[in-house]
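Peer 1: Dropping a prediction and its sequence here:
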Amino acid sequence: IRKNEIFAYECLSRGIRQDGSLMGSSLIFKTATKNDLLFYLDREAREAALKNAFTNKIKKKIFLNFVPSTIYKPEISLKDTMKWVEKFGHKPENIVFEVIETENIVDKRYLKKFLETYRDLGFQIALDDIGSGYSSLTIMAELKPDFIKIDMEIIRDIDKNRFKQSIFKGLSYIAKQHGINVLAEGVETKEELEFCTSEGADFVQGFYYSKPTLIPIEKI
């Protein structure tokens, strides 16, 4: 945000219905979970993201969503990921695995161990949706991510809400004390941007800059 430059791209998944309309990721993953196909969907989505980043000649960092419940087949997940990274010529340091906090992480120690394996290979870790769902400071303390992404519900109208401001300041302070980068999600207005910038956000994302696009924007 200090340089007003694109730092990274987040890879988002969309499905296509029979009538050709787009299907949001929440419905796709909910359907996959119901049919015990979450592991396979997560793997396919990760491959598609790496392939599309290569096709669009992305040289900056890319954030890939990562579903915690798929870690119970780590040897397959890691092997496939490395195969695609090498095949498409990506640098591990340019890939950030974003832990999705839409479900309760039961075995935090196992997840930490698994993610440390990725870190040893040069990848980075982000903790998504801090401030909502099952997210908590204990998970943040356990995983010690490279990035925390403060949930958009905290960011929405934050310039007018003192309670939200206190939450943001507290999270930002803790992160700074431990060398963790702060990313504000869902920034849509100039006022939200100005508050987040003034209170320690290192990075921001949201409709203020661009809505999701099939072809990535190249500059702000």
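Peer 2: Nice, thanks for sending it over.
Peer 1: can you confirm Leu64 is in a strand?
Peer 2: Yes: counting by DSSP: H, G, I helix; E, B strand; the rest coil, Leu64 is located in a strand.
Peer 1: Quick check: end-to-end length of stretch 16-33?
Peer 2: 18 Å (Cα to Cα, to the nearest Å).
Peer 1: Residues touching the top helix by length along the chain, excluding its own?
Peer 2: If you go by DSSP state H, the chain has its longest helix at helix 38-55. Here helix 38-55 makes contact (Cβ atoms under 8 Å, 6 or more residues apart in numbering) with 9, 11, 13, 28-29, 32, 62, 64-67, 69-70, 73, 76-77, 80-81, 84-85, 88-90, 95. To be clear about C-beta, it is placed using only N, CA and C from the backbone, and glycine gets the same treatment.
Peer 1: filter those residues to the buried ones?
Peer 2: Buried members of the contacts of helix 38-55, counted by 16 or more other Cβ atoms under 10 Å: 9, 11, 13, 29, 32, 62, 64-67, 69-70, 77, 81, 84-85, 90, 95.
Peer 1: In helices only, show me those.
Peer 2: Short answer: the buried ones among the contacts of helix 38-55 in helices (DSSP H) are Phe29, Ala32, Ser77, Thr81, Trp84, Val85.
Peer 1: show me where pLDDT drops low in this structure?
Peer 2: 71-75, 101-106, 133-135 (pLDDT under 70).
Peer 1: Could you give the bridge partners of the residue nearest to the spatial centre of the chain?
Peer 2: Nearest to the geometric centre of the chain sits Glu98, at 3.7 Å (Cα atoms, centre = their mean). When assigned by DSSP bridges, Glu98 has beta-bridge partners Asn65, Ala126.
Peer 1: residue boundaries of the helices in this protein?
Peer 2: Here the chain has its helices, by DSSP H, at 25-34, 38-55, 74-87, 108-120, 137-143, 152-155, 162-177, 190-198.
Peer 1: Ala126: neighbour count?
Peer 2: Here the number of neighbours of Ala126 (other Cβ atoms under 10 Å) works out to 24.
Peer 1: Identify the residues contacting it.
Peer 2: Ala126 neighbours (Cβ under 8 Å, 6+ apart): Phe63, Val96, Phe97, Glu98, Val99, Pro145, Asp146, Phe147, Ile148, Lys149, Leu183.
Peer 1: So for stretch 144-152, what gets flagged as buried?
Peer 2: Under the neighbour-count criterion of 16+ other Cβ under 10 Å, stretch 144-152 has Pro145, Asp146, Phe147, Ile148, Lys149, Ile150, Asp151, Met152 buried.
Peer 1: Can I get those in JSON lines including distance to Ser136?
Peer 2: Converted to JSON lines, those look like this (distance: Cβ to Cβ, whole Å):
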{"residue": "Pro145", "distance to Ser136": "13"}
{"residue": "Asp146", "distance to Ser136": "18"}
{"residue": "Phe147", "distance to Ser136": "17"}
{"residue": "Ile148", "distance to Ser136": "12"}
{"residue": "Lys149", "distance to Ser136": "14"}
{"residue": "Ile150", "distance to Ser136": "13"}
{"residue": "Asp151", "distance to Ser136": "12"}
{"residue": "Met152", "distance to Ser136": "18"}
